[in-house]
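*Asks:* here are the coordinates; sequence isn't available:
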């Protein structure tokens with residue numbers, strides 16, 4: 001299964017039943033790094049990716065954490081430790097990010113990419129730039145906006161084939177409300193390609209979502225492996241309690257397998273990549289409990305492998321990790337996206353027991 005087109009075998013699977021790699025601070029690659037301004041955090045504490053977003057998509061990422069700020073008269077991705085927005089670095093230009101991801105879905109029509117626009121500074125300018133970009137001409141007589149998903153409803157309940165070939169923008173609803181949109185009576189909505197992002201944290205009740213996407217999960221704000229594991233395990237346990245809910249409360253769970261503080265690349269390569277088995281063990285243990293719950297309570301189960309032709313990686317993952325669940329991590333967000341780790345994450349698909 002190539003990471004470039006791994007979703008082709010899951011077209012009839014709901015988004016909430018897919019496990020995908022995600023790029024943390026996607027726009028901060030070494031090749032495009034520049035200082036945000038004030039002295040205080042260098043490249044080692046800021047850069048989170050080796051290559052740009054287009055190459056991250058080729059390496060398997062389907063979810064992109066993109067933070068945009070105006071710097072030097074240009075909209076760019078940024079990463080600022082503790083989100084001060086005064087120290088840190090900037091990376092790829094916003095339009096470059098959009099162009100690269102549009103090129104990826106255009107060239108790989110079985111795939112989608114989700115772009116979470118978070119920690120936005122200068123939201124009016126950012127949204128205006130996005131709307132302007134959508135209106136620009138693309139190849140073959142199309143506009144960029146033709147590659148943007150504009151369907152309505154709860155995105156977690158969409159089948160992959162409904163989202164395939166599209167860029168999916170999810171945005172904090174409060175940012176939409178506060179931004180200025182001259183000439184519009186109301187802020188842009190799903191029909192314009194703007195889907196509201198709902199964040200569920202601290203065991204709060206799940207919101208009703210009919211106009212975007214809800215995600216639960218908490219950022220692992222540490223560079224200590226034991227703290228990351230403890231925090232993500234606690235967060236995952238809370239997500240498991242969400243397993244029984246109606247369609248309007250369907251959501252995705254994001255597992256933050258990230259290491260912040262100090263040299264991010266060194267932390268990632270020495271701790272997280274080497275210890276990724278901990279993620280698999282954590283998922284397997286929790287998911288086994290979920291499967292038992294379903295069996296004990298006569299919840300119907302089906303293996304998504306019945307919908308899939310992706311045999312080799314799934315069989316390998318089945319033998320090594322024995323993962324079963326209807327309460328699974330949908331996005332495993334990590335730094336320095338690479339093909340090997342992405343394939344391990346992708347390999348967890350097709351093993352999943354889920355409610356019919």
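*Replies:* Received it, and whenever you're ready, just let me know what you need. Note that this is a predicted model, so its numbers are computed, not measured. Numbers count the residues shown, from 1 in each chain.
*Asks:* residue ranges of the helices in the stretch 1-150 of the chain, please?
*Replies:* Counting by DSSP state H, counting those that start in this stretch, one finds helices in the stretch 1-150 of the chain at the ranges 53-58, 94-107, 123-135.
*Asks:* Next one, pLDDT for the spatially closest residue to residue 48 that is not a sequence neighbour please.
*Replies:* Excluding the flanking residues, the one nearest residue 48 by CB to CB, 6 or more residues apart in numbering is residue 25, at 4.0 Å. (C-beta placed from N, C-alpha, C; glycine too.) For residue 25, the pLDDT comes out at 92.
*Asks:* what about the strands in the stretch 151-300 of the chain?
*Replies:* With strands called from DSSP state E, counting those that start in this stretch, the stretch 151-300 of the chain shows them at 153-154, 167-172, 194-200, 211-216, 252-256.
*Asks:* how big is the angle separating the third one from strand 211-216?
*Replies:* In this case it means strand 194-200. Strand 194-200 and strand 211-216 meet at an angle of 30 degrees, taking axes from the mean of the first three to the mean of the last three CA atoms, to 10 degrees as the criterion.
*Asks:* Can you spell out which helices and strands pack onto strand 194-200?
*Replies:* In this structure, strand 194-200 makes packing contacts with strand 167-172, helix 173-178, strand 211-216, judged by 3 or more CB pairs under 8 Å, 6 or more residues apart in numbering; DSSP states H and E.
*Asks:* just to revisit the earlier point, list the contacts for the residue nearest to residue 48?
*Replies:* By CB atoms under 8 Å, 6 or more residues apart in numbering, the contact list for residue 25 reads 48-49, 65, 67, 77, 79, 335.
*Asks:* go with 7 Å
*Replies:* Taking CB atoms under 7 Å, 6 or more residues apart in numbering, we find residue 25 in contact with 48, 65, 67, 79.
*Asks:* what does residue 112 give?
*Replies:* With CB under 7 Å, 6+ apart, residue 112 has these contacts: 7, 62, 105, 163-164, 166, 168.
*Asks:* what about 10 Å?
*Replies:* For residue 112, the contact set (CB atoms under 10 Å, 6 or more residues apart in numbering) comprises 7, 15, 18, 20, 62-63, 101, 104-105, 149, 158, 160-168.
*Asks:* Show the contacting residues for residue 269.
*Replies:* Residue 269 neighbours (CB under 10 Å, 6+ apart): 259, 263, 335-336, 338.
*Asks:* Residue 43 - nearest residue in space that isn't next to it in sequence?
*Replies:* If the residues on either side of it in the chain are set aside, residue 43 comes closest to residue 33, at 5.6 Å by CB to CB, 6+ apart.
*Asks:* Ok, residue 26 next?
*Replies:* Closest residue to residue 26 apart from its sequence neighbours, by CB to CB, 6+ apart: residue 64 at 4.1 Å.
*Asks:* Can you report how many residues neighbour that neighbour?
*Replies:* Residue 64 has 25 neighbours, counted by other CB atoms under 10 Å.
*Asks:* What does the pLDDT read for the residue positioned nearest the centre of the chain?
*Replies:* The chain has residue 63 as the residue nearest its centroid, 2.9 Å off, counting by CA atoms, centre = their mean. Per-residue pLDDT puts residue 63 at 98.
*Asks:* so which of the helices and strands packed on strand 194-200 is the most packed in?
*Replies:* Comparing the helices and strands packed on strand 194-200 by mean neighbour count (mean count of other CB atoms under 10 Å), strand 167-172 comes out on top with a mean of 23.
*Asks:* Let me know the angle separating that strand from strand 194-200.
*Replies:* Per the same axes, to 10 degrees, the angle that strand 167-172 makes with strand 194-200 is 50 degrees.
*Asks:* helices or strands next to strand 167-172 in the packing?
*Replies:* In terms of contacts (3 or more CB pairs under 10 Å, 6 or more residues apart in numbering; DSSP states H and E), strand 167-172 is packed against strand 63-66, helix 94-107, strand 113-117, helix 123-135, strand 194-200, strand 211-216.
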